[in-house]
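A.B. asks: missing the sequence, but the structure's below:
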């Protein structure tokens, strides 16, 4: 495993971090057997940075249980996040933090985030509640070692937030498709220039850069270097940049862990050739032709009051452009549940309440995008089939 130094604390951090948002699950519950195996293997392979959050249902408890059971707390750095939208008073900071300590079975947090702090308006609101005083108290008590924020907002807001407080680190969404999106490369470089470690989320864009690339892009990568998977290209592009400290990967099976740690063992800054950079640029062009809705499948928009699986709708829609319309509609039928006789969960069943849009970190116009999904994925024969199924089963 390669390590990079956090310039603020001096911590030696594994360049591959374990993202705990997508731990293995049995339907809704986290599969503790598989999770424990993965975490133990990750530590054995040198991963020492684990990222979770209050809002990742069951994730903090799962991570805390495994680390405590196996006496691993002192061998790893724990990163978790304050759900800022649940903070309405000074007392809420401490109430939520104490719950997180209990979940994680620890008495301190190494890297504590303001979760999805995306604009100055929210930071000003937290400051009015006394968050700066609270952070200072927790740091003085040794309960919080480093404080920072994760970001899903505009470039201008990121630049303003960087200068609004003496942060210890930042976390941004960044990959070769999102090079100039949100904080972007310029934001990455400014943060690093201020002496901050930068943690990367969505390096594979919710898995799309690993298993969801258009066929033409996959073939281009293979022709350039058959030994590298699409995921390897994505991770190497990130680690090629010296400003990147840790790249998070939401690994939920052993195969992913083995592949990613193998890549991390040889990854150094400046390793890409100009030819490799040109290949990635060509893949970006292909990707943008095929993917119309920039959904990462984070599920922050869920649950939908109508029961619509919004990420599944968008995934099938993008699939219809990347692979073919028939494949997209086939995926749409099997994952959205549109044929279920007792449910109205097609994109066209959207109530247009807009609740989902207030939670989307990508700032997607979800209501309008669902209309696009409906037009493409629900042709006349599709609607006729739905009506027939519902009529026959009523």
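C.D. replies: Structure's in. What do you need? Computed from a predicted model, the values in this text were never measured in an experiment. Numbers count the residues shown, from 1 in each chain.
A.B. asks: just checking, what packs against the longest strand along the chain?
C.D. replies: Criterion DSSP state E: the longest strand present in the chain is strand 144-151. With contacts taken as 3 or more C-beta pairs under 8 Å, 6 or more residues apart in numbering; DSSP states H and E, strand 144-151 sits against strand 109-114, helix 131-140, helix 155-162, strand 169-173. Where C-beta positions appear, they are placed from N, C-alpha and C, glycine not excepted.
A.B. asks: name every strand pairing with that strand and say which way it goes.
C.D. replies: Take DSSP bridges as the rule and strand 144-151 pairs in its sheet with strand 109-114 (parallel), strand 169-173 (parallel).
A.B. asks: ok, and what's touching it?
C.D. replies: Residues from elsewhere that reach strand 144-151 (C-beta atoms under 8 Å, 6 or more residues apart in numbering): 6, 8-9, 81, 108-118, 135, 138-139, 158, 161, 167-173, 182-183, 196, 201.
A.B. asks: let's see that with 6 Å instead.
C.D. replies: 9, 109-117, 135, 138, 158, 167-172, 183 (C-beta atoms under 6 Å, 6 or more residues apart in numbering).
A.B. asks: give the contact list for residue 217.
C.D. replies: 283, 286.
A.B. asks: that one belongs to a helix?
C.D. replies: Yes: with DSSP: H, G, I helix; E, B strand; the rest coil as the criterion, residue 217 is located in a helix.
A.B. asks: and it, how far from residue 177?
C.D. replies: Residue 217 sits 11 Å away from residue 177, taking C-beta to C-beta, to the nearest Å as the criterion.
A.B. asks: and residue 299, how many neighbours?
C.D. replies: Other residues within reach of residue 299, judged by other C-beta atoms under 10 Å, total 17.
A.B. asks: sorry, wrong one. I was asking about residue 354.
C.D. replies: 11.
A.B. asks: check contacts around it.
C.D. replies: Contacts of residue 354 (C-beta under 6 Å, 6+ apart): residue 367.
A.B. asks: then residue 291?
C.D. replies: Counted by C-beta under 6 Å, 6+ apart, residue 291 has contacts residue 318.
A.B. asks: now do it, the pLDDT please.
C.D. replies: For residue 291, the model assigns a pLDDT of 74.
A.B. asks: which element, helix or strand, includes residue 91?
C.D. replies: helix 90-104 (DSSP states H and E).
A.B. asks: that helix to helix 131-140, inter-axis angle?
C.D. replies: 40 degrees (axes from the mean of the first three to the mean of the last three C-alpha atoms, to 10 degrees).
A.B. asks: so, low pLDDT: which residues of the chain?
C.D. replies: 323, 334-335, 337-343, 381-383, 385-394 (pLDDT under 70).
A.B. asks: in this protein, which residue is closest to the centre?
C.D. replies: residue 202 (4.3 Å; C-alpha atoms, centre = their mean).
A.B. asks: list the contacts of it.
C.D. replies: Contacts of residue 202 by C-beta under 6 Å, 6+ apart are 173, 296.
A.B. asks: coming back round to it: Throw the helices and strands packed on strand 144-151 into TSV and include mean neighbour count, thanks.
C.D. replies: As requested, the helices and strands packed on strand 144-151 are exported to TSV (neighbours: other C-beta atoms under 10 Å):
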stretch	mean neighbour count
strand 109-114	24
helix 131-140	15
helix 155-162	18
strand 169-173	25
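A.B. asks: now the ones you listed in a markdown table, with distance to residue 67?
C.D. replies: Shown next, in a markdown table, are the helices and strands packed on strand 144-151 (distance: least, C-beta to C-beta, whole Å):
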| stretch | distance to residue 67 |
| --- | --- |
| strand 109-114 | 12 |
| helix 131-140 | 20 |
| helix 155-162 | 31 |
| strand 169-173 | 21 |
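A.B. asks: reformat the strands paired with strand 144-151 as CSV; add distance to residue 100.
C.D. replies: Shown next, in CSV, are the strands paired with strand 144-151 (distance: least, C-beta to C-beta, whole Å):
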stretch, distance to residue 100
strand 109-114, 7
strand 169-173, 17
